[in-house]
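1. okay, here's the prediction I keep looking at, along with the sequence it came from:
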Amino acid sequence: GAGVSQSPSNKVTEKGKDVELRCDPISGHTALYWYRQRLGQGLEFLIYFQGNSAPDKSGLPSDRFSAERTGESVSTLTIQRTQQEDSAVYLCASSFRLSGANVLTFGAGSRLTVL
Amino acid sequence: AQTVTQSQPEMSVQEAETVTLSCTYDTSESDYYLFWYKQPPSRQMILVIRQEAYKQQNATENRFSVNFQKAAKSFSLKISDSQLGDAAMYFCAYRSAGNQFYFGTGTSLTVIP
């Protein structure tokens, strides 16, 4: 696609429910990143996929968070047993090159509200 | 891990004036990239400008320029002739040799008509 697409744009859920957030990166982009942005805060790294390499999961805040990516395409971020502190905008970004002037292209984010 | 610090949570500028946003970072790497991203209320992050650490010349993109001081690990963004559309949250970012991106906490820029 022309840009990074994220769905849903907004999600309201009840505490304890599971949610899935989807990211469609730009076609051909080998790297994919997930970030969390709480209200008025900066970007908190969650997870990074690079091609077929093992993902860098060092930013996942707890075992309730997991993410998958099929090859170099769609990624799904899953949050199990959601808590109110999980309320945030979840941003996905993708990039093309491993080195050189590699820049991130972001999606518009998925806003999650946990009641 | 690398850290990126933006010490100005909020800044304001009069329309048509110039404003400088500060950013410092901490790293032991010699080869890296630095970026400024803009996040308007629509929350879509947009690349403003980038700088390769091995280049001494400061990057410029139209009204946006940087002052890159490698020894001081400083990377400030200057916006000239500020426009109402420049109002946004600005994030400084560092890309490591391992292709990991680290972001600052952001500076909220208000443009006063």
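-> The structure has been received and is ready for your questions. Numbers count the residues shown, from 1 in each chain, chains lettered A, B, ... in the order given.
2. A:Tyr35 and chain B: what is the separation?
-> 8 Å (CB to the nearest CB, to the nearest Å). For glycine as for every other residue, the C-beta is placed from the backbone atoms N, C-alpha and C.
3. that residue: how many residues sit nearby?
-> 24 (other CB atoms under 10 Å in any protein chain shown).
4. tell me what it is bridged to.
-> Here A:Tyr35 shows beta-bridge partners A:Phe45, A:Leu91, assigned using DSSP bridges.
5. that one contacts A:Ile47, doesn't it?
-> No: applying CB atoms under 8 Å as the test, A:Tyr35 and A:Ile47 come out as separate, 9.1 Å apart.
6. contacts for stretch A:77-86?
-> Under the contact criterion CB atoms under 8 Å, 6 or more residues apart in numbering or on different chains, stretch A:77-86 has outside partners A:13-23, A:34, A:46-47, A:64-68, A:90, A:92, A:112, A:114-115.
7. quick one, what contacts B:Cys35?
-> Not Cys; residue B:35 is Phe. By CB under 8 Å, 6+ apart, the residues touching B:Phe35 are A:Val103, A:Leu104, B:Leu47, B:Val48, B:Ile49, B:Arg50, B:Gln51, B:Cys92, B:Ala93, B:Tyr94, B:Arg95, B:Phe101.
8. mark which of those are part of strands, please.
-> Those of those mapping onto strands are B:Leu47, B:Val48, B:Ile49, B:Arg50, B:Gln51, B:Cys92, B:Ala93, B:Tyr94, B:Arg95, B:Phe101, per DSSP state E.
9. check these against chain A, which are close?
-> Filtering these for proximity to chain A by CB under 8 Å from any CB of the partner chain leaves B:Leu47, B:Arg50, B:Ala93, B:Arg95, B:Phe101.
10. filter the residues you listed to the buried ones?
-> Buried members of those, scored by 16 or more other CB atoms under 10 Å in any protein chain shown, are B:Arg50, B:Ala93, B:Arg95, B:Phe101.
11. is the third one in a bridge, and if so with what?
-> Read that as B:Arg95. Going by DSSP bridges, B:Arg95 forms beta bridges with B:Tyr33, B:Phe101.
12. which residue ranges of chain A form strands?
-> So, for chain A - with DSSP E - the strands run A:5-7, A:10-13, A:19-24, A:31-37, A:44-50, A:65-69, A:75-79, A:88-95, A:105-106, A:110-114.
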